[in-house]
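**Student:** coordinates only, sequence not included:
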């Protein structure tokens, strides 16, 4: 069986400096085991599988896999899959798209900067417990005085986010990968005005404690839940740019905008590879 296959650069400010996503199209007959094997083989942070929707409110359905597990929701696969769906259906100017995934229905819209998704509700929020915080600090080799706050920011993947004192401090984090196993940790720190080369308000990094652990280049789900936290508590303006991927040699830019009660998270999406995958 041969299916259409695309690789999309998501949240990129230039060619090949965002977060790559593999998208397999028409995957309705692909088994769970095959999806897991393909995602393990591509070895990207996520691989998505584009399917016909089950809900009459959705335009398409997606399943999202890391090399090791399936996720109910993730941000860069949401934008990348919507981009592929648009390109296949000639719907590049669609004002509204509805994605069906394991986390429910996710709304997307077209903006001047590209696609943006509506941040889903958090499954868990609020402060980390002393034990949870101690474990996270140990994994990131940080001292309690290094952080301003820590909050659960879990909209599906399981993120715990720590707010550091500056963007430069975020870039300096060197995690203990062995201690990170079993955790998904995000760190965020603010930049002073005009301090960042492309005007980012904050720097973000995302550490995934699988075995082996890895740093995700640019992470939509984490940016969404951090934006909800920061904007709700008056720690960030209602519209800003987050930088991510710097330490990995990327230059990801995530746009955040609050419109009414909804926070929209977006960025540029560009198809870099198109072909077929032979199953």
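**Tutor:** Arrived safely. Predicted, not measured: the structure shown is a model, and the values here were computed from it. Numbering: from 1, shown residues only.
**Student:** what about residue 180, how many residues nearby?
**Tutor:** Burial measure for residue 180: 24 neighbouring residues, criterion other CB atoms under 10 Å. C-betas here are computed from N, CA, C, even on glycine.
**Student:** quick one, strands of the stretch 1-150 of the chain?
**Tutor:** Assigned by DSSP state E, counting those that start in this stretch, the stretch 1-150 of the chain shows strands spanning 2-10, 19-25, 47-51, 60-65, 70-71, 96-101, 104-111, 114-118, 147-152.
**Student:** just checking, what packs against the third one?
**Tutor:** In this structure, strand 47-51 packs against strand 19-25, helix 32-42, strand 60-65, helix 75-89, with contacts taken as 3 or more CB pairs under 8 Å, 6 or more residues apart in numbering; DSSP states H and E.
**Student:** find me the pLDDT at residue 89, would you?
**Tutor:** According to the prediction, residue 89 has pLDDT 89.
**Student:** any idea how far it lies from residue 82?
**Tutor:** Relative to residue 82, residue 89 is positioned 11 Å away (criterion: CB to CB, to the nearest Å).
**Student:** and residue 212, that's in a helix?
**Tutor:** No - counting by DSSP: H, G, I helix; E, B strand; the rest coil, residue 212 is not found in a helix; it is coil.
**Student:** what sits against the nearest residue to residue 69 once chain neighbours are set aside?
**Tutor:** Nearest residue to residue 69 in three dimensions, chain neighbours excluded: residue 210, at 7.7 Å (CB to CB, 6 or more residues apart in numbering). With contacts defined as CB atoms under 8 Å, 6 or more residues apart in numbering, the neighbours of residue 210 are 66-69, 181.
**Student:** next: residue 201.
**Tutor:** Contact analysis of residue 201 by CB under 8 Å, 6+ apart lists 190-191, 236-237, 240-242.
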